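Enquirer: just a sequence and a predicted model for now, questions to come.
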Number of protein chains: 2
Amino acid sequence: MSLQRNQDMSHQPLYLQIKEALKKQILDGDYAPFERMPSESQLMKSFDVSRITVRQSLRDLHAEGLIFTSQGKGTFASKPKAMQDVQHLEGLSEAMTPKGYETSARLLSIREVKPSKDVQENLNINGKEGAIEVVRVRYLNREPISVDTSYFPIAVGQKLFARDLSGDIFPLLENELRVPLGRADVSLEARSADSDTAKLLDINVGSPIMWVQRLTHDSSGKPVDYEYLAFRGDAYKYRFQIERDPSRNSGFNEVIK
Amino acid sequence: MSLQRNQDMSHQPLYLQIKEALKKQILDGDYAPFERMPSESQLMKSFDVSRITVRQSLRDLHAEGLIFTSQGKGTFASKPKAMQDVQHLEGLSEAMTPKGYETSARLLSIREVKPSKDVQENLNINGKEGAIEVVRVRYLNREPISVDTSYFPIAVGQKLFARDLSGDIFPLLENELRVPLGRADVSLEARSADSDTAKLLDINVGSPIMWVQRLTHDSSGKPVDYEYLAFRGDAYKYRFQIERDPSRNSGFNEVIK
DNA sequence: TATTATTACATGTTATATCAAGTTAGTTTC
DNA sequence: GAAACTAACTTGATATAACATGTAATAATA
């Protein structure tokens, strides 16, 4: 296994490279659920790194739930997480498209920018690469309801310059640019509108807005779109259903033995 | 600072002892949010351990969201945000406890009331029946983060009078009152704090709050708890993942983006 | 044969030591 | 005075080393 070592720029830490390599193997099914993985000393040899570096990789994988360890026994691939149902999606789309209303978008700007720390971390790019920023205002029945600020990696984002961005970007990505979309991480919080946002949304400064951060990945798990969505508080409601988790178990050590 | 070292049995690893000591300091408010904490070398001296041990403690605290670091600058106490997962139905303290936060609740009132239209419809009771109203302020790390107003049908609610309501109500319902919980309907929106809420949450009137309505059913589908949760906007974040449904090309992609 | 040591190997914990890289404040230089 | 340099911090990454502790298979023993 060859790692990109510290000779020039543009390299990731060894432990991250190892983590990604192992992660890929697990996700590719090279290790079946509950199958034992190579021991730390084996990994040290095959990657030619110290134990600390190996353990740092394993710790990250553990934190992501991809592996678990058992002292004296070894390290094992986890059972892959069950897919979430799609009920959330239904709730969100329902909130977004009340029947009989039309949505549209107005493009404010599209340009290459030096990405902020937050954008860098989420898109997994370094500060030297640029990112493509797209700012739009979205309307529901002629009324502004959100300001969307999206960041794309250069490779993907450059293709957007020549496209019509007055509609939806996701179908454009999927159908025209052939970027298969996968998981998205979303967070919601209530904030106050700053003056720019307030002006665009036609509300008073300080009015409540729903602040949404969403990181969308392609089907291989690579980030393709990180965005901030500022929704007018009085025009946005997020509905969904959740199930009580009946299994309150702890730890998988029992499973092995 | 004296640590229990490896002389006999019944001791915890040094890094865990250090982690707990620092955690206590943070939760006790010895370090204000965003305040710089002692550097790694200072911690090495004061605890008389190696840097690796200190860093292991800090890594755990970081994973729990209690601190954040900035290379070259230092390590800082976080302003903790309550985060809940949408996948499962759980109360706040259930969600937060495994992440290293301390939660508590203060009971403001519990009484029988004539239910509002909204409560009647959601609990599926008529205006002649009463309902039990429980109002509480919930705290995270000693700071108020939400005002919870819950309504229960008489049958369930009466049993709550004799109970300790300073913790989470869900486990109480399930374990002590033997009410098996099932699905819940939830909605989130951003609102402004009214004067009562603002006073209880120690924020200014008009500050953004996350307004949550939640209707919880038992496992047979009968409503058992309808509640309004007013979260401080700066202390609450709702986070979840969604999967793209490959079988359907419409869905959330088109709607949102 | 059944039990007990032994041994080999697994992860867990901790120490010491470098070098890299980001930040800050002071000092020098132009 | 402003810009550049430097020194002294900070956290980040990585190597080598040792011992503790848990597990499993094998060998020795009762």
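Expert: Right, received. Where do you want to start? Numbers count the residues shown, from 1 in each chain, chains lettered A, B, ... in the order given.
Enquirer: okay, buried residues for stretch A:143-159 please.
Expert: A:144-153, A:156-157, A:159 (16 or more other CB atoms under 10 Å in any protein chain shown). Glycine gets a C-beta too; all of them are placed from N, C-alpha and C.
Enquirer: now, which of those residues lie close to chain B?
Expert: The subset of these within reach of chain B, by CB under 8 Å from any CB of the partner chain, is A:D148.
Enquirer: in JSON lines, list the buried residues of stretch A:143-159 along with pLDDT and secondary structure.
Expert: Below are those laid out as JSON lines (pLDDT from 0 to 100; DSSP: H, G, I helix; E, B strand; the rest coil):
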{"residue": "A:P144", "pLDDT": "85", "secondary structure": "strand"}
{"residue": "A:I145", "pLDDT": "83", "secondary structure": "strand"}
{"residue": "A:S146", "pLDDT": "88", "secondary structure": "strand"}
{"residue": "A:V147", "pLDDT": "93", "secondary structure": "strand"}
{"residue": "A:D148", "pLDDT": "91", "secondary structure": "strand"}
{"residue": "A:T149", "pLDDT": "93", "secondary structure": "strand"}
{"residue": "A:S150", "pLDDT": "92", "secondary structure": "strand"}
{"residue": "A:Y151", "pLDDT": "93", "secondary structure": "strand"}
{"residue": "A:F152", "pLDDT": "93", "secondary structure": "strand"}
{"residue": "A:P153", "pLDDT": "91", "secondary structure": "strand"}
{"residue": "A:V156", "pLDDT": "88", "secondary structure": "helix"}
{"residue": "A:G157", "pLDDT": "89", "secondary structure": "helix"}
{"residue": "A:K159", "pLDDT": "86", "secondary structure": "helix"}
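Enquirer: quick one, strands of chain A?
Expert: For chain A, the strands defined by DSSP state E occupy A:67-70, A:74-77, A:103-113, A:131-140, A:143-153, A:181-192, A:208-218, A:223-232, A:238-243.
Enquirer: weakest of the ones you listed by average pLDDT?
Expert: Lowest mean pLDDT within these: strand A:238-243, a mean of 65.
Enquirer: let me know the pLDDT of whichever residue of chain A sits closest to DNA strand D.
Expert: Of all residues in chain A, A:G72 sits closest to DNA strand D, at 2.6 Å by CB to the nearest atom of the strand. In the prediction, the pLDDT value recorded for A:G72 is 87.
Enquirer: distance check, it against A:R191.
Expert: According to CB to CB, to the nearest Å, A:G72 and A:R191 sit 49 Å apart.
Enquirer: and the two? Which one has more around it.
Expert: A direct count of neighbours by other CB atoms under 10 Å in any protein chain shown for A:G72 and A:R191 places A:R191 higher, at 20 against 5.
Enquirer: name whatever forms a beta bridge with the more buried one.
Expert: A:I209 (DSSP bridges).
Enquirer: got the strands of chain A as CSV, with distance to B:S39 columns?
Expert: Formatted as CSV, these follow (distance: least, CB to CB, whole Å):
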stretch, distance to B:S39
strand A:67-70, 31
strand A:74-77, 33
strand A:103-113, 34
strand A:131-140, 33
strand A:143-153, 33
strand A:181-192, 31
strand A:208-218, 31
strand A:223-232, 32
strand A:238-243, 42
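Enquirer: make TSV out of those strands and add distance to DNA strand D.
Expert: TSV is the format used below for the strands of chain A (distance: least, CB to the nearest atom of the strand, whole Å):
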stretch	distance to DNA strand D
strand A:67-70	6
strand A:74-77	9
strand A:103-113	24
strand A:131-140	21
strand A:143-153	21
strand A:181-192	21
strand A:208-218	20
strand A:223-232	18
strand A:238-243	33
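Enquirer: OK, contacts around A:K19?
Expert: If you count contacts by CB atoms under 8 Å, 6 or more residues apart in numbering or on different chains, A:K19 has them with A:Q56, A:S57, A:D60, A:L61.
Enquirer: according to the record, where do the domains of chain A fall?
Expert: Domain segmentation of chain A under automatic domain parsing yields A:14-81, A:87-235.
Enquirer: name the stretch among those domains that sits most buried.
Expert: When you average the neighbours per residue for each of those (mean count of other CB atoms under 10 Å in any protein chain shown), domain A:87-235 leads with a mean of 17.
Enquirer: which residues does the closest residue to A:K237 other than its chain neighbours contact?
Expert: Using CB to CB, 6 or more residues apart in numbering or on different chains and skipping residues adjacent in sequence, the residue nearest A:K237 is B:E189, 4.5 Å away. Going by CB under 8 Å, 6+ apart, B:E189 touches A:M210, A:G233, A:Y236, A:K237, A:Y238, B:M210, B:W211.
Enquirer: for the residues you listed, which one is nearest A:D30?
Expert: Of all these, A:Y238 has the smallest distance to A:D30: 38.4 Å, by CB to CB.
Enquirer: for the closest one, give its distance to B:V212.
Expert: For A:Y238 relative to B:V212 (CB to CB), the value is 10 Å.
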